[in-house]
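Undergrad: requesting a structural model of the entry that follows:
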Amino acid sequence: MRLADKVAIVVGATRGIGREIAGTLAREGARVVLVGRTASAGEEAAAEINRSGQQAVFVAGDASREETAVAAVLAATERFGRLDVLVNNAAVDLQRPLADTSLEEWNRCLAVDLGSAFLACKHSIPAMIESGGGSIVSIASTAAIRGIMQHSAYGAAKAGVVNLTRNIVVDYGRRGIRANCICPGAIDTPMLREWIASQGERAAAVGEQLLARIPAGRFGRAAEVANAVLFLASDESSFMSGNVILVDGGSSA
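TA: Numbers count the residues shown, from 1 in each chain. The predicted structure follows:
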């Protein structure tokens, strides 16, 4: 129970990596506020945690809107009395060459992938300071540190998450706030499967090419990202802050 007596918010918790993170933190003793757009999936995920004997609540909302961040922090502090951990995982993918990307698409991608992290941090940090400090873990992507074809907006947003993390450390480290960033590679999630399927007749070949670039010889598992989050959320990583952790099977090498 590495997170016993701690309270966590997981933004983007209704499926894939986010849902796995929420479940992992709960199993280690955290009381969890799950945040996401899909009410049915979010309520189901929270109910699953509650059935296991842990405590969770779900807050429905668009993570790119400020009222959602406010509601999540209020749920943590009013229901559970404190806030110790924030996980930023909300994301939308956008596959489009830069010259073909509309301003609306660009703004939406940055609003969700970067703006949601800004809003969650903005409203969580004061509550964390009041609780004596806390750990922020933001999920970026290997797209934040290298170019990926047709992912200009997504890569720019995720690179912003990396630098936002480091600036939080500089601004709030002396007030007990730690912030770290995880960059997953190809993780076997609904988002990855949907992206491969979207390639149409080339889907099988694209999947094989992607797999061939991973020295580990396989796609990652959501649990492997969740375990990295658990470590960074726990006191075991108490002297780690401002780090970018790759969970990519060696593909960035």
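
Undergrad: roughly how far apart are the residue sitting nearest the centre point of the chain and S102?
TA: Centroid-nearest residue in the chain: N89, 2.0 Å away (criterion: Cα atoms, centre = their mean). Per Cβ to Cβ, to the nearest Å, N89 is found 25 Å from S102. Backbone N, C-alpha and C define where each C-beta goes, glycine included.

Undergrad: what's the answer for A179, then?
TA: Distance, A179 to S102, by Cβ to Cβ: 32 Å.

Undergrad: also S40?
TA: Taken as Cβ to Cβ, the span from S40 to S102 is 30 Å.

Undergrad: same question, G200
TA: Distance, G200 to S102, using Cβ to Cβ: 22 Å.

Undergrad: going toward the C-terminus from the strand ranked longest in the chain, what's the next helix or strand?
TA: Criterion DSSP state E: the longest strand present in the chain is strand 177-184. Remark: after strand 177-184, the chain's next helix or strand is helix 190-197, criterion DSSP states H and E.

Undergrad: quick one, that next one and strand 177-184 angle?
TA: On the basis of axes from the mean of the first three to the mean of the last three Cα atoms, to 10 degrees, helix 190-197 is oriented at 30 degrees to strand 177-184.

Undergrad: buried sites along whichever helix or strand comes after helix 190-197?
TA: Reading on from helix 190-197 to the C-terminus, the next helix or strand found by DSSP H and E is helix 203-212. For helix 203-212, burial by neighbour count (16 or more other Cβ atoms under 10 Å) applies to V206, G207, L210.

Undergrad: which residues are contacting helix 203-212?
TA: In this structure, residues lying in contact with helix 203-212 by Cβ atoms under 8 Å, 6 or more residues apart in numbering are A186, I196, A197, Q199, G217, R218, F219.

Undergrad: quick one on the thing from earlier: which one of the buried residues of helix 203-212 is nearest R166?
TA: For the buried residues of helix 203-212, the closest approach to R166 (Cβ to Cβ) belongs to L210, at 28.9 Å.

Undergrad: what's the spacing between the closest one and G185?
TA: L210 sits 9 Å away from G185, going by Cβ to Cβ.

Undergrad: could you do S237 as well?
TA: Distance of S237 to G185, computed by Cβ to Cβ: 21 Å.

Undergrad: give the contact list for the residue nearest to the centre of the chain.
TA: Contacts of N89 (Cβ under 8 Å, 6+ apart): V10, V11, G12, A13, I17, G18, I21, S138, I139.

Undergrad: can we see that at 6 Å?
TA: V11, G12, G18, I139 (Cβ atoms under 6 Å, 6 or more residues apart in numbering).
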